[in-house]
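Novice: The sequence and its predicted three-dimensional model are supplied below.
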Amino acid sequence: MNLPNLPNLPEVPDLHDEPLAAALQAAMDSKTKPLGSLGRLEALAQRLGAIQGTATPRLHQPQMLVCAADHGLAARGVSAYPSDVTWQMVENFLAGGAAVSVLARQHGLALTVVDCGVRHDFAPRAGLLVRKVAPGTADALEGPAMSEVQRDQAIANGVATVRGLPGNALLLGEMGIGNTSAASLLLARLGGFEVGDVTGAGTGLDADAVVRKIGVLRDVLARHADARDPLAALAAFGGFEIATLVGAVLQAAAERRVVVVDGFIASAAVLVASKLRPHVLQRCVFAHRSGERGHALMLAHLRAEPLLDLGLRLGEGSGAALAWPLLQSACALLGEMASFASAGVSTASAGLAEAAPEADAADKPAR
């Protein structure tokens, strides 16, 4: 794909490494357990090893990145909450009172909140990065949510933000009243779905309001019928936080960081990034299946199998934080669990070999 406006878009090469995959499989199979008995944790451990390029993956200094911005389309009544909730929740994140703040503390995740385009000016403080492209996107029913210049700046901001963060794991979070609409629009256009099938209640709309929301989104799609490629769709539908996450995902993938994907909106950013660089998906661990209507279809389109299914639809990165201990466990099991040989435990094949003479004796006629 020709990307004239983004000459520095990170390259994300194929991770396929057959010898490493075989080594990871052999290492897991040698552990003191029946083959496959740790279920999907085994596949998770192998994926982490493949991302890091080693049979002994380690996770260090995990970063929770919560990107926030406002959406012009929110004025059309597509959310149950007013736009002011975006900046108020950013304050809540920074004060340590939001769900993601609590979970980040619990699990030792460094929390960084990025003002990508909130309609509010924040006082400087620790944990806040101001990368404001504009005070909210435009109304996508009247024109593109973002100009190409704004879109490119937001993506570049995401790239630069990840470059400045330590660690080898990035957990994605977001905040923005109206951003389930942007995610639904991106999935409908880039995934080829009917918008009514991928649009839900968002922050808690009732059934009639959801019908009105779908009508607004159909009009937006018609208004931008020519926005077919991922970058054009991203500019048409927004938002600044999603575009910033696109850049963050691309850079994290280029650095072979583990990317832990939260819910519907974070997955929309991964959708766009994967249309630009398909091998991004090799670096992604999908934390959970959201209760938001379109997320199951999003995951199916991305061929992703989430770790959790708890009916969450909060966003913020809350699902990614909840899934984090599973990644830690997968690494610990691969790195610390004894093998049959080191523990002096007999293998299943050894048991079969010992049983074989008895079976032969039973088959012989008595004398």
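Specialist: Cool, the structure landed. Residues are numbered from 1 along each chain as shown.

Novice: Tell me if Glu11 really is in a strand.
Specialist: No - counting by DSSP: H, G, I helix; E, B strand; the rest coil, Glu11 is located in no strand; its state is coil.

Novice: distance of it from Val280?
Specialist: 11 Å (CB to CB, to the nearest Å). Using the backbone N, CA and C atoms, a C-beta is placed for each residue, glycine as well.

Novice: can you list the weak-confidence ranges in the stretch 1-150 of the chain?
Specialist: Residues of the stretch 1-150 of the chain meeting the criterion pLDDT under 70: 1-7.

Novice: ok, which stretches of it are helices?
Specialist: Counting by DSSP state H, counting those that start in this stretch, the stretch 1-150 of the chain has helices at residues 18-29, 40-52, 84-95, 99-107, 148-163.

Novice: Relative to Ala273, which of these is closest?
Specialist: With CB to CB, the closest approach to Ala273 among the helices of the stretch 1-150 of the chain belongs to helix 148-163: 9.3 Å.

Novice: What pLDDT is listed against the closest residue to Arg151 other than its chain neighbours?
Specialist: Among residues not flanking Arg151 along the chain, Ala235 sits closest, at 4.4 Å (CB to CB, 6 or more residues apart in numbering). On pLDDT, Ala235 comes in at 98.

Novice: likewise Val249?
Specialist: 98.

Novice: so it makes contact with Ser267?
Specialist: No - using CB atoms under 8 Å, Val249 makes no contact with Ser267, being 10.4 Å away.

Novice: Out of those two, name the residue with the larger neighbour count.
Specialist: More crowded of Val249 and Ser267, by other CB atoms under 10 Å: Val249, with 35 against 29.

Novice: In contact with that one, which residues?
Specialist: Applying CB atoms under 8 Å, 6 or more residues apart in numbering, we find Val249 in contact with 158, 170, 172, 259, 269-270, 273, 280, 284.

Novice: quick check: longest helix of the protein.
Specialist: Taking DSSP state H as the criterion, the chain has its longest helix at helix 318-336.

Novice: List the buried residues for that one?
Specialist: Along helix 318-336, these residues count as buried under the neighbour rule (16 or more other CB atoms under 10 Å): 318-324, 326-327, 330-331, 333-334.

Novice: Next: stretch 132-142.
Specialist: Result for stretch 132-142 [16+ other CB under 10 Å]: buried residues 132-134, 136-141.

Novice: Name the residues that touch the strand or helix carrying the residue nearest to Arg151?
Specialist: Per DSSP states H and E: Ala235 is located in helix 230-237. Helix 230-237 has contacts (CB under 8 Å, 6+ apart) with 3, 5-6, 140, 144-148, 150-151, 182, 185-186, 189-190, 220, 224, 226-227, 242-243, 246, 272, 275-276.

Novice: hmm, which of those residues are the buried ones?
Specialist: 6, 140, 144-146, 150-151, 182, 185-186, 189-190, 220, 224, 227, 242-243, 246, 272, 275-276.

Novice: just the strands in the stretch 201-350 of the chain please.
Specialist: All strands of the stretch 201-350 of the chain, identified by DSSP state E, counting those that start in this stretch, fall at 258-261, 284-286.

Novice: if we can go back for a sec, tell me which of Glu11 and Val280 has more neighbours.
Specialist: Val280 (24 against 10).
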